[in-house]
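**Q** based on what follows, work out the 3D shape:
(one chain, ligands or ions: 1)
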Amino acid sequence: MAEEKDATASGDDAIKVSGMQFAYEVEDPIFFDFNLDLPAGSRCLLVGANGSGKTTLLKILAGKHMVGGKNVVQVLSRSAFHDTQLVCSGDLSYLGGSWSKTVGSAGEVPLQGDFSAEHMIFGVEGIDPVRREKLIDLLDINLQWRMHKVSDGQKRRVQICMGLLHPFKVLLLDEVTVDLDVVARMDLLKFFVEECDQRGATIVYATHIFDGLETWATHLAYIQDGELNGLSKMADIEELKSAPNLLSVVEAWLRSEIKVVKKKKKPVAAWKPSPLDNSPFRSSRHMAYYR
Ligand SMILES: Nc1ncnc2c1ncn2[C@@H]1O[C@H](COP(=O)(O)OP(=O)(O)OP(=O)(O)O)[C@@H](O)[C@H]1O
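**A** Here you go, the predicted structure:
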């Protein structure tokens, strides 16, 4: 049997996407020649307007959508879609918007029947009890909660706990902290930093909520209309050096997008270059990487 490559140990990129194309409907592609390289140990924020492709990208990285071509989407140097062991082993974990957890080939398991949080959490086999206790404590989960009666935030805590029980190597988060109170959210973000710094885990986090993320993230990927408009180390983003306010920076980028769309609708003579043309965040066809 061929020896399995471990990107975390070898220093390879934990995530590598090369020339990816993807369409839900053939005539309307979401991604065309999309590229993304993320080193192991990074915490990458994925930002972009509604409908820009963040969820689709995370689902592709999680192996939920197949893309054409060989080795186009690699996670830990393995095919995200075809290597089902990535998810089954717990090396790759995806936490998305729905109240469900993907359990290997068993597919999506709903988190809202009449059963206890304890039944759910302790039903997962092969878990380090110390890690499990730490997560239950961190997320302040009452094991007696009945899943069909708890609040959205409480349900979310159990969902997150389930997704983190295995010591993942790559974690994909799609707006999962949205229901959490501020204490749970900040404690969880701190836990993620420890996971990356101590174990070399890699996290990609798509969100529209930027509180406390200026110092949390190591990288920022900006998706515009299915294109990677830029991937940068946080420390290299000029706009954040003068005022470390991620919300304002992303707001300015997204407002520029809207202006460009409006200008494109005008006659050609009235069109002027986008402010983004002078920014490190340009079209992926002229993409600059700052690493
Ligand atoms: N199942 C689907 N079938 C067809 N089109 C889809 C499907 N899911 C998403 N899309 C389309 O793909 C595009 C990207 O959607 P996606 O959900 O990836 O965006 P997003 O950046 O995550 O948006 P948001 O910030 O609103 O969550 C959108 O135009 C959306 O309408």
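**Q** where exactly do the strands run in the protein?
**A** For the chain, the strands defined by DSSP state E occupy 13-25, 28-39, 43-47, 73-75, 78-79, 92-95, 100-102, 108-110, 170-174, 202-206, 219-224, 227-233, 289-290.
**Q** so can I have CSV of these showing distance to residue 186?
**A** From N, CA and C alone the C-beta is placed, and that goes for glycine too. Converted to CSV, the strands of the chain look like this (distance: least, Cβ to Cβ, whole Å):
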stretch, distance to residue 186
strand 13-25, 25
strand 28-39, 24
strand 43-47, 15
strand 73-75, 28
strand 78-79, 33
strand 92-95, 17
strand 100-102, 24
strand 108-110, 28
strand 170-174, 15
strand 202-206, 14
strand 219-224, 20
strand 227-233, 23
strand 289-290, 28
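**Q** for residue 251, find the nearest of those.
**A** strand 43-47 (10.3 Å; Cβ to Cβ).
**Q** so what touches stretch 85-93?
**A** Contact partners of stretch 85-93, identified using Cβ atoms under 8 Å, 6 or more residues apart in numbering, comprise 62-63, 75-76, 78, 80, 94, 102, 104-105, 163-172.
**Q** which PyMOL command selects the buried ones in the residues you listed?
**A** A single PyMOL command selects the buried members of the contacts of stretch 85-93 (16 or more other Cβ atoms under 10 Å):
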select buried, resi 62+63+75+76+78+80+94+102+163+164+165+166+168+169+170+171+172
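**Q** now do the same contact list for residue 55.
**A** Per Cβ under 8 Å, 6+ apart, neighbours of residue 55: 96, 97, 174, 206.
**Q** so which one among those has the lowest pLDDT?
**A** Within these, the minimum per-residue pLDDT falls on residue 97 (70).
**Q** the ligand versus that residue, what's the distance?
**A** Using Cβ to the nearest ligand atom, to the nearest Å, residue 97 is found at 8 Å from the ligand.
**Q** can you get me a residue count around that residue?
**A** Neighbourhood size, residue 97 [other Cβ atoms under 10 Å]: 12.
**Q** so who does it touch?
**A** Contact analysis of residue 97 by Cβ under 8 Å, 6+ apart lists 55, 174, 175, 176.
**Q** for the last one, which non-adjacent residue is closest in space?
**A** Looking back up the chat, that one is residue 176. residue 95 (4.6 Å; Cβ to Cβ, 6 or more residues apart in numbering).
**Q** next: the third one.
**A** Closest residue to residue 175 in three dimensions, ignoring its sequence neighbours and counting by Cβ to Cβ, 6+ apart: residue 207, at 5.5 Å.
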